[in-house]
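Participant: sequence and predicted model, in that order:
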Amino acid sequence: MPAPSLVETRRLSMVFPGVAASSLRPGDRARAARTVRALHEVDLRVAEGSVHAVVGPRGAGKTTVLNLLSGYLAPTAGQLLVLGRDVTGQQPEQLARLGVGRSFRPSSVLDALTTAEQVELALASSSADHGRWPPRRELGQFREGAEAVLAEAGLAGQADVLAGSLAPCERRALEFAVAIAPGPQVLLLDEPTAGLGPDDVDRTIALLTRVAAGRTLVLVDHNLYAVRSVADTVTVLRGGEVVAEGAYDEVRPELGA
Ligand SMILES: Nc1ncnc2c1ncn2[C@@H]1O[C@H](COP(=O)(O)OP(=O)(O)O)[C@@H](O)[C@H]1O
Ligand SMILES: [Mg+2]
């Protein structure tokens, strides 16, 4: 029997509306009716415990998939299921409570906080029922938990370092730490190796492999070397449609790799 799907989409579609004609200058009127079909009837099944990569050229709809899976966008049509439950149209906070976590690009890490403070904030805001940001003086109680998370992300011993002074791949590690702190069931990562040099890509792949153990990951990346290294299943998108799905070697002909 196949592993159950932690996240599933059924004919998920997203059309972005065109800009209203009234808000355009006269010469731009032609743009008015131009809607963008970003995704068309996408079926995804993300198996529990797997690393599921979504790849495709720029504009293929990869980030839109992550925005839909995390509730930052509501689909134009189709369904989103988490653990078999229809959660189409639910807000990001509701999906976060069901265990959908994500990292952000560009990074949501704040330069002026220490690595421990960022993770303490992530732990505190996910443990409060109303998801508020707690005052700084209340963060101390999360220190021990934050240190454990930092160690898991390979940042043991860097707890009191300001994020602004971290090396690029350490900063990426801190983004992972913030994302795994609330204990998500499934973690969505957008371009985790983007903007890194070759050595940092290798370090980030090693970290991803570690973070993936015992977790479910949905990963968007341009870097096919990273995808080949960590993904169990690869979905290839082009023009908002799935054109191939399978193990890396099976979809390889569709990748131009
Ligand atoms: N908020 C938006 N409004 C209008 N069009 C958008 C918006 N977000 C994305 N798009 C369009 O949807 C398509 C898919 O974009 P995206 O998901 O960002 O692709 P990818 O991440 O694969 O590069 C592109 O044509 C993009 O221009
Ligand atoms: Mg993108």
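Facilitator: That came through fine. Ligands and ions are numbered 1, 2, ... in the order given.
Participant: report the buried residues of the helix or strand of the chain with the lowest mean pLDDT.
Facilitator: Lowest on mean pLDDT, DSSP states H and E among the helices and strands of the chain sits helix 115-127, with a mean of 89. For helix 115-127, a neighbour-count test (16 or more other C-beta atoms under 10 Å) marks 115-125 as buried. All C-beta atoms are positioned from the backbone trio N, CA, C, and that covers glycine.
Participant: off-centre distance for that helix?
Facilitator: 18 Å (C-alpha atoms, centre = their mean, to the nearest Å).
Participant: likewise for stretch 11-18?
Facilitator: On C-alpha atoms, centre = their mean, the centre of stretch 11-18 falls 19 Å from the chain's centre.
Participant: can you give me the mean pLDDT across that stretch?
Facilitator: Computed over stretch 11-18, the mean pLDDT rounds to 92.
Participant: so what touches it?
Facilitator: 31-44, 61, 64-65, 68, 73, 75-80, 240 (C-beta atoms under 8 Å, 6 or more residues apart in numbering).
Participant: give me the number of residues near Arg252?
Facilitator: 16 (other C-beta atoms under 10 Å).
Participant: wait, I meant Gly214
Facilitator: For Gly214, using other C-beta under 10 Å, the count is 6.
Participant: my guess is it contacts Ser50, does it?
Facilitator: No - under the criterion of C-beta atoms under 8 Å, Gly214 is not in contact with Ser50, lying 11.6 Å apart.
Participant: got the CA positions of the biggest helix by length in the chain in PDB?
Facilitator: The residue-count maximum for a helix in the chain (DSSP state H) belongs to helix 198-212. The C-alpha coordinates for helix 198-212 follow below in PDB (Å, rounded to 0.1, in the frame of the first residue of the first chain):
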ATOM      1  CA  PRO A 198      29.000  25.900  -4.700                       C
ATOM      2  CA  ASP A 199      30.500  25.100  -1.200                       C
ATOM      3  CA  ASP A 200      27.500  26.600   0.600                       C
ATOM      4  CA  VAL A 201      25.200  24.700  -1.700                       C
ATOM      5  CA  ASP A 202      26.900  21.500  -0.600                       C
ATOM      6  CA  ARG A 203      26.600  22.500   3.100                       C
ATOM      7  CA  THR A 204      22.900  23.400   2.600                       C
ATOM      8  CA  ILE A 205      22.200  20.000   0.900                       C
ATOM      9  CA  ALA A 206      23.800  18.300   3.900                       C
ATOM     10  CA  LEU A 207      21.700  20.300   6.200                       C
ATOM     11  CA  LEU A 208      18.500  19.600   4.100                       C
ATOM     12  CA  THR A 209      19.200  15.900   4.300                       C
ATOM     13  CA  ARG A 210      19.500  16.200   8.100                       C
ATOM     14  CA  VAL A 211      16.300  18.300   8.400                       C
ATOM     15  CA  ALA A 212      14.500  15.900   6.100                       C
END
